[in-house]
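1. Quick one: sequence and predicted model below, then my questions.
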Amino acid sequence: MKEKAINLKRILAIVLIAFVALFAVAITVVATMQADTAPAAEVVAVSAETSGTAEAVPAAETEAESDPVSGKALAAGIAIGLAAAAGAIGMGIAIAKSNEAISRQPEAGDKIRSNMMLGIIFIETAIIYALVIAILIIFAL
């Protein structure tokens, strides 16, 4: 019964980390889309000299408008930061559990170590994918 509770906690932790990562990616995508698709504001000024005709004058940028480059940098930083943090937590848990398993059964050490290394490679691959996405956010979007 105790093992099922521990496994449930692990599953919930993994789901929580995946949800936070997905939420961070969604925030970064929305932030970059809003920064790129912000319409240019125009002000229509009526001039007395032109006998009531309207001419478009570009409005000066206000302080409330954000720079698209800074939005992209923020989005990329959030994406890679959360991916690296989640990956570090996952690697720490994997290494701790593998050391615990090797200490309980030293004869199975080689098999446990090779499985641990394979799992760490998968975690690192996910972090590298997040880095590629962050680079795409900065340069391609």
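-> In hand now; what should we look at?

2. which residue sits closest to residue 113, ignoring its sequence neighbours?
-> Spatially, and ignoring its direct neighbours in sequence, residue 113 is nearest to residue 98 (6.7 Å; Cβ to Cβ, 6 or more residues apart in numbering). Just so you know, the C-beta spots here come from the backbone N, C-alpha and C atoms, and that holds for glycine as well.

3. Just the buried positions in the host helix or strand of the one you found, please.
-> Taking DSSP states H and E as the criterion, residue 98 maps to helix 68-104. For helix 68-104, a neighbour-count test (16 or more other Cβ atoms under 10 Å) marks 68, 71-72, 74-76, 78-80, 82-83, 86-87, 90-91, 94, 98, 101-102 as buried.

4. Then stretch 129-138?
-> By 16+ other Cβ under 10 Å, the buried positions in stretch 129-138 come out as 130, 133-134, 137.

5. I'd assumed residue 110 was in contact with residue 98.
-> No. The pair residue 98 / residue 110 is not scored as a contact, 11.5 Å apart, by Cβ atoms under 8 Å.

6. Point to the helix or strand of this structure where mean pLDDT is at its lowest.
-> Confidence across the helices and strands of the chain bottoms out at strand 42-46, with a mean of 46, counting by mean pLDDT, DSSP states H and E.

7. any low-confidence regions in the chain?
-> 1-7, 19-21, 24-25, 27-67 (pLDDT under 70).

8. picking that back up, could you measure from the residue nearest to residue 113 over to residue 70?
-> Separation of residue 98 from residue 70 (Cβ to Cβ, to the nearest Å): 42 Å.

9. Just list what the helix holding residue 98 packs against, helices and strands only.
-> If you count contacts as 3 or more Cβ pairs under 8 Å, 6 or more residues apart in numbering; DSSP states H and E, helix 68-104 packs onto helix 2-36, helix 109-139.

10. could you check the angle helix 109-139 makes with it?
-> Interaxial angle, helix 68-104 versus helix 109-139 (axes from the mean of the first three to the mean of the last three Cα atoms, to 10 degrees): 180 degrees.

11. Start the count at 184 instead of 1 going forward.
-> Sure, I'll start counting at 184 from here, so that last one is helix 251-287.

12. residues contacting residue 303?
-> Residue 303 is in contact with 274, 277-278, counting by Cβ atoms under 8 Å, 6 or more residues apart in numbering.
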